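Trainee: Got a sequence here, can you build the structure:
(one chain, ligands or ions: 1)
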Amino acid sequence: MMPATEALERLRNGNKHFVDGTERHDESITVHDRRSELSKGQKPFAVILGCSDSRVPAEIVFDQGLGDLFVIRVAGNIVAPSQVGSVEFAATQFETRLVVVLGHSQCGAILATIEELHQPSGSRSPNLRSIVDRISPSVEPLLSTDLANDSEVLVQQAVRANIRTSANHLRHGSAILERLIQEDGLLVVGAEYSLESGVVEFFDGV
Ligand SMILES: [Zn+2]
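Mentor: Okay, the predicted model is just below:
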C-alpha cells in the first residue's frame, strides 16, 4: 500500500513534469508489458475525482500511465452517492490511500451555477439541474459578499468553495471513508488545476 503522503508527492512531481514539458512517457517497461501485467489486477495509488472538462484529463496533467490512477469524472467534480461509492470501492478494494478532488479554473459547471443563481431560467433539464443544485450551496453565500461585484474573483472563489464542499462530503458522507480516515491513513485533499498554467495547486487538507 502506498501511503497518502508518498502518493501526493508522486502527483506533485508528475504535474511538475507536465508543466515543464518533461513528461516521463515510458521509462522502463513498454505499455504492452504493463497492459499484460495489469490484466491480472490493479493497484492505483490515488483516486482522482475530477471535472469532465476535456482540458483536465487526470492522467495527462499528473503525467501518469496505465493502472496508476482511479479516476472519477463528472461535470463540476460534484459528489453524489455514486461518486462516494466509487471512492469507497477503490479505497477498500485496492487500498488506495489518497483521494484528490480536482477542480479547475473557469469551470463551466460553476459558471452555469452562478448564471442560474443570478437569473433562474427554469428551462434547464432536470439532469443538468441536479448538477447545478449540488454546486449552488457552495456558491450562493458568496453572492451576498463583496465578491459579487468582481466576476473574475467570484468565479475563482466559487471554484475553490465547490472543491472544498466535495472534499468535505467525501470526508464526512460515508461511514466507510470516515473510518479509513481515522484509522487507516486515508487522506482526502482538494486541488485546483489552472487551465492557463497547467499547475495543480493543492490547497485543502494538505
Ligand atoms: Zn469543469
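Trainee: so what secondary structure elements neighbour the top helix by length along the chain?
Mentor: Determined from DSSP state H, the single longest helix within the chain is helix 151-172. Counting contacts by 3 or more CB pairs under 8 Å, 6 or more residues apart in numbering; DSSP states H and E, helix 151-172 packs against helix 81-93, strand 98-104, helix 108-118, helix 126-143, helix 175-183, strand 187-193, strand 200-204. Quick note: C-beta positions are derived from backbone N, CA and C, even for glycine.
Trainee: Is any residue of it near the ion?
Mentor: No. Taking CB under 5 Å from the ion as the criterion, helix 151-172 and the ion are apart, separated by no less than 8.4 Å.
Trainee: Return the residues of the chain in contact with the ion.
Mentor: Applying CB under 5 Å from the ion, one finds that the chain approaches the ion through 51, 53, 107.
Trainee: need those in JSON lines with neighbour count and distance to V99, can you?
Mentor: Converted to JSON lines, the residues of the chain next to the ion look like this (neighbours: other CB atoms under 10 Å; distance: CB to CB, whole Å):
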{"residue": "C51", "neighbour count": "26", "distance to V99": "15"}
{"residue": "D53", "neighbour count": "19", "distance to V99": "19"}
{"residue": "C107", "neighbour count": "25", "distance to V99": "19"}
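Trainee: any idea how far the residue nearest to L111 when sequence neighbours are not counted lies from V56?
Mentor: Nearest non-adjacent residue to L111, counting by CB to CB, 6 or more residues apart in numbering: V155, 6.6 Å away. Using CB to CB, to the nearest Å, V155 is found at 16 Å from V56.
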